[in-house]
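Engineer: Prediction below, plus the sequence it came from.
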Amino acid sequence: MANLLVVRSNYGEYSPHFINGGYVGIGWLTKIDLSRIKSKDELYPIYQEFQEEDNSSIIGQNVGQIYRFLFDIHVGDYVITQSNNPSSFHYGIVEGEYYYEPDSKDNCPFPHRKKTKWIAEVPRNKFSESFQNSLKAHLTVYNISESEEFFSVLGLTEFIIDITPSIGTLEAENIWAIDLNNSEFRKWSEIGKYTSLMVDLKELEISNFPTQIDIAIALAKTRPHLKNSEIQKTASGIYYFSKLKSGDIILGIAGKNLIQKAGQVVDSNFRKGFDKKFEIGIDWMDEIKPMAASEDIFDLKKEIHKVNSRMLTSLKFSMKTDIEESEKKIAERKSKTILNFELNLSSSEKELSREDGGKKVVLFFGTNRNNTNSLNINERFGDELKDVTYGLCEVGIPKRHKKGEFERPWDFWVYEFKENQEKHIALTDINELSEEKFLEKISDGLKVHREKAALIFIHGFKVTFAEAARKAGQLTHDIHFKGISGFFSWPSRGLIFDYSRDGARSASSVADLQKFIEKIIANTNIERLHLVAHSMGSKLLSYTLKNLSNSTMLAQKLKVINQIVFGAADIDQGEFKKEIFPDLQKIGRRKTSYASDKDKALHLSEDIRRGLPRLGEAGETLFVENGLDTIDASNVKSNWLGHSYIFETYELLSDLHYLLNEGTIPDNRLLHERKKNSLKYWQFPL
């Protein structure tokens with residue numbers, strides 16, 4: 001789906017330059033060619049050297065806008081800019097990548113540009129008040145979240161997608177269906193263990209970065225026998241091939257309702273110049289068997305289909321009878337070996353061999369789950385309540401891991417790719433310990449760290465033990481935590497339909513989490529303990545801390561509790577304010593709550609509870625109180641569900657780095673101060 005962004009033209013002053021010159025542009029760093037910039041980190045020192053601002057918030061905001069212009073506006077995206085007429089605006093489609101024009105003859109002071117085909121000037125009153133208000137943000141470059149209204153009003157319905165999640169972790173917009181037969185433009189071939197799909201456009205008179213309109217015009221010129229509807233279908237398909245990216249799901253179809261194969265894009269490339277070919281590498285799953293939809297959903301005259309929610313629903317109903325058999329196949333191909341070992345917790349991270357190339361994060365853990373004795377390490381602990389088990393485990397971080405990415409095998413309904421420890425974050429070893437040995441290991445690990453700090457992560461709803469370990473490992477690695485890390489895993493079942501059951505299991509785990517924390521602070525040499533909870537785990541941690549705050553026997557020891565962090569907290573705001581927060585004031589150095597108005601999971605939780613807003617929700621119901629640092633993370637990009645942003649966004653992980661490692665207050669982080677009812681809170685910049 002094309003993105004929609006606003007790029008301001010100084011209140012319309014330079015919109016004629018944009019329109020007549022066929023570009024969109026920004027200022028800042030006007031004497032520097034930014035074509036070699038690869039990351040936001042490279043922009044900061046350049047900005048600080050050549051711009052005069054010394055306010056860290058302004059620097060962070062402006063660097064973010066420059067980065068957004070360079071890397072978030074792609075060929076095929078739509079842009080809006082102001083008009084000289086305040087009652088209208090211009091819109092166009094981006095046709096080229098970044099270029100630098102320092103000596104422009106049109107006297108426009110914006111040298112950083114992208115080629116744009118400006119399409120029309122439209123009245124603002126064609127759109128809702130909400131959409132019109134979204135054009136009033138005090139930023140130069142920003143995304144419009146209500147893009148569906150824009151495309152709908154202007155009749156650009158091809159860009160409207162009903163985004164619904166597939167069963168698993170992927171979204172509908174990540175799934176494509178392609179006919180397995182060759183066509184005039186599409187050719188399949190086998191290359192080693194992968195399948196190559198080649199889309200050859202060399203016979204069409206098109207540019208290196210063609211729009212859908214360009215392709216349709218070229219088809220009409222070279223194939224005058226085609227009907228207009230056939231031209232549009234073919235042009236749409238060819239254009240969509242340019243949108244495929246690594247990680248997308250491909251469904252290989254062999255009929256109007258039959259899926260023959262399912263696989264994943266492992267590589268996509270567009271050859272420029274005279275070659276003009278799209279080449280896509282696909283890794284097909286071995287285990288999948290043909291699936292028939294409950295109705296005809298594919299048009300075989302189309303080059304490619306973007307799978308929508310209706311298609312997913314049709315496929316889902318047709319597969320119900322296959323689920324049990326598929327689960328057996330998955331279980332059979334999972335690992336049947338286990339490595340027993342003795343961990344040394346002298347460091348949170350230790351280098352793997354050069355051959356492995358990544359890192360392993362060593363974690364301590366406590367869990368009140370039952371031990372299944374499964375030979376599959378990912379299924380070692382189940383979802384029943386038992387006494388607390390202590391131990392150490394290792395989580396492997398792959399060599400090419402990127403901060404904020406959670407590399408896992410993708411799954412499609414009941415099918416999934418195999419875990420590959422060279423490519424995926426993986427739980428690699430578990431070692432259960434006696435309570436005495438466990439506390440000894442904690443103390444040994446703390447000795448090598450000057451600040452003797454530890455971090456405990458408490459997971460949320462729909463998380464298995466293995467998933468909790470992987471999340472804790474990724475969090476520890478990505479924030480470069482200066483201490484030892486661990487997690488407490490309560491018996492969540494790990495299934496989306498067990499929300500109520502997980503809530504009950506979470507409530508039943510308060511005493512066990514309290515015992516786990518008490519053992520560590522009372523029997524080790526720890527000096528700082530940070531507690532980070534996500535989603536439903538925030539409620540578990542809240543009531544645990546409420547109990548601890550009233551413990552007279554541990555009053556002195558409790559002073560080691562330092563930072564308390566709630567991420568996307570699934571707690572009723574009224575309950576938190578009345579029942580929890582007064583006691584929470586007695587414990588910990590600082591309390592932080594990250595919230596977002598893009599969190600669809602918490603919106604659903606609020607609906608289930610008949611409109612009781614959650615602590616992790618932002619917008620009009622944002623919870624702000626003295627003694628709680630509320631951080632509005634609504635501007636931070638996350639996945640479509642918007643609930644796991646504390647793990648998967650560079651900005652938030654960087655913020656956690658400064659909070660947990662340095663104890664930096666919000667005023668001194670890259671956040672904007674805001675106020676609600678005269679109380680301060682902070683917000684990530686756009």
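Structural biologist: Sure, I can see it.
Engineer: Pull the number of nearby residues for the residue nearest to Glu303 when sequence neighbours are not counted.
Structural biologist: Nearest non-adjacent residue to Glu303, counting by CB to CB, 6 or more residues apart in numbering: Gly237, 2.5 Å away. In short, each C-beta sits where N, CA and C put it, glycine included. Gly237: 24 surrounding residues under other CB atoms under 10 Å.
Engineer: same question, Ala618
Structural biologist: Other residues near Ala618 come to 23 when the count uses other CB under 10 Å.
Engineer: next one: phi and psi at Leu529?
Structural biologist: The phi/psi pair for Leu529 (degrees, to the nearest 10) reads phi -120, psi 120.
Engineer: Beta-bridge partners for it, please?
Structural biologist: In this entry, Leu529 is beta-bridged to Ala454, Ile561, by DSSP bridges.
Engineer: Name the nearest residue to Asp572, ignoring sequence neighbours.
Structural biologist: The shortest distance from Asp572 to any non-neighbouring residue, by CB to CB, 6+ apart, is to Leu612 (4.8 Å).
Engineer: which SS class is the one you found?
Structural biologist: Here Leu612 takes the coil state, with states given by DSSP: H, G, I helix; E, B strand; the rest coil.
Engineer: list the contacts for it?
Structural biologist: Contact analysis of Leu612 by CB atoms under 8 Å, 6 or more residues apart in numbering lists Asp572, Gln573, Gly574, Glu606.
Engineer: Return the member of those residues nearest to Asp72.
Structural biologist: Glu606 (29.8 Å; CB to CB).
Engineer: how about the closest one, what does it touch?
Structural biologist: So Glu606 contacts Leu612, Pro613, Arg614, Glu617 (CB under 8 Å, 6+ apart).
Engineer: give me every residue that touches the last one.
Structural biologist: The one in question is Glu617. Neighbours of Glu617 in contact, by CB under 8 Å, 6+ apart: Ala595, Ser596, Asp597, Asp599, Leu602, His603, Glu606, Phe623.
Engineer: ok, now how distant is Thr222 from Phe278?
Structural biologist: 18 Å (CB to CB, to the nearest Å).
Engineer: Looking at these two, which is more packed in?
Structural biologist: Neighbour comparison, Thr222 and Phe278: the larger count goes to Phe278, with 19 against 11 (by other CB under 10 Å).
Engineer: Excluding residues flanking it in the chain, which one is nearest the more buried one?
Structural biologist: Using CB to CB, 6+ apart, the nearest residue to Phe278 is Val199, at 4.0 Å.
Engineer: Give me the neighbour count for that neighbour.
Structural biologist: 23.
Engineer: returning to what we had before: tell me both backbone torsions, phi and psi, for the residue nearest to Asp572.
Structural biologist: Backbone torsions of Leu612, given as degrees, to the nearest 10, read phi -80, psi 110.
Engineer: With the one 4 residues further on instead?
Structural biologist: Dihedral pair for Gly616: phi -90, psi 10, per degrees, to the nearest 10.
Engineer: Hmm, it is touching Gln573, no?
Structural biologist: No - checked against CB atoms under 8 Å, the pair Gly616 and Gln573 is beyond contact range at 9.5 Å.
Engineer: which of the two has more neighbours?
Structural biologist: Using other CB under 10 Å as the criterion, Gly616 and Gln573 rank with Gly616 on top: 29 against 20.
Engineer: Pull the contacting residues for that one.
Structural biologist: Per CB under 8 Å, 6+ apart, neighbours of Gly616: 535, 538, 566-571, 593-596, 599, 602.
Engineer: Let's have these in JSON lines, adding secondary structure and distance to Val141.
Structural biologist: Output for the contacts of Gly616, formatted as JSON lines (DSSP: H, G, I helix; E, B strand; the rest coil; distance: CB to CB, whole Å):
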{"residue": "Ser535", "secondary structure": "coil", "distance to Val141": "32"}
{"residue": "Ser538", "secondary structure": "helix", "distance to Val141": "34"}
{"residue": "Phe566", "secondary structure": "strand", "distance to Val141": "31"}
{"residue": "Gly567", "secondary structure": "strand", "distance to Val141": "27"}
{"residue": "Ala568", "secondary structure": "coil", "distance to Val141": "27"}
{"residue": "Ala569", "secondary structure": "coil", "distance to Val141": "31"}
{"residue": "Asp570", "secondary structure": "coil", "distance to Val141": "33"}
{"residue": "Ile571", "secondary structure": "coil", "distance to Val141": "35"}
{"residue": "Ser593", "secondary structure": "strand", "distance to Val141": "29"}
{"residue": "Tyr594", "secondary structure": "strand", "distance to Val141": "24"}
{"residue": "Ala595", "secondary structure": "strand", "distance to Val141": "24"}
{"residue": "Ser596", "secondary structure": "strand", "distance to Val141": "21"}
{"residue": "Asp599", "secondary structure": "coil", "distance to Val141": "24"}
{"residue": "Leu602", "secondary structure": "helix", "distance to Val141": "28"}
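Engineer: what's the farthest-apart pair in those residues?
Structural biologist: So, these by CB to CB: farthest apart are Ile571 and Ser596, at 14.8 Å.
Engineer: related to what we said a few turns ago, check the residue nearest to Glu303 and give its pLDDT.
Structural biologist: Note for Gly237: predicted pLDDT of 75.
Engineer: Please apply the same query to Ser535.
Structural biologist: You'll see Ser535 listed with a pLDDT of 93.
Engineer: ok, for it, nearest residue in space, not its chain neighbours?
Structural biologist: Using CB to CB, 6+ apart and skipping the chain neighbours, the partner closest in space to Ser535 is Gly460 (2.6 Å).
Engineer: and what of His643?
Structural biologist: Once flanking residues are discounted, His643 sits nearest to Ala601: 3.9 Å by CB to CB, 6+ apart.
Engineer: Can you verify my assumption that the one you found contacts Ala569?
Structural biologist: No - shown here, Ala601 and Ala569 do not form a contact pair, counting by CB under 8 Å, at 11.5 Å.
Engineer: Now do the top helix by length along the chain: which elements does it pack against?
Structural biologist: Secondary structure of the chain read by DSSP state H shows that its longest helix is helix 56-71. Other helices and strands packing on helix 56-71, by 3 or more CB pairs under 8 Å, 6 or more residues apart in numbering; DSSP states H and E, are strand 23-26, helix 40-50, strand 112-123, strand 141-143, strand 672-676.
Engineer: same thing but 10 Å
Structural biologist: strand 4-7, strand 23-26, helix 40-50, strand 88-100, strand 112-123, strand 141-143, strand 672-676 (3 or more CB pairs under 10 Å, 6 or more residues apart in numbering; DSSP states H and E).
Engineer: Show me which of those has the highest average neighbour count.
Structural biologist: strand 23-26 (a mean of 25; mean count of other CB atoms under 10 Å).
Engineer: Could you tell me the average pLDDT over that one, please?
Structural biologist: What strand 23-26 shows for mean pLDDT is 92.
Engineer: likewise stretch 405-418?
Structural biologist: Mean predicted lDDT for stretch 405-418 stands at 60.
Engineer: same check, this time on stretch 627-634
Structural biologist: Averaged over stretch 627-634, pLDDT sits at 95.
Engineer: now do the same end-to-end measure for that stretch.
Structural biologist: Between the opening and closing residues of stretch 627-634 lies a distance of 21 Å (CA to CA, to the nearest Å).
Engineer: How about stretch 285-295?
Structural biologist: Per CA to CA, stretch 285-295 runs 24 Å from first to last residue.
Engineer: just stretch 632-649 next, same as before
Structural biologist: This stretch, stretch 632-649, spans 14 Å end to end (CA to CA).
Engineer: So for that stretch, what gets flagged as buried?
Structural biologist: For stretch 632-649, burial by neighbour count (16 or more other CB atoms under 10 Å) applies to 632-636, 638-639, 641-649.
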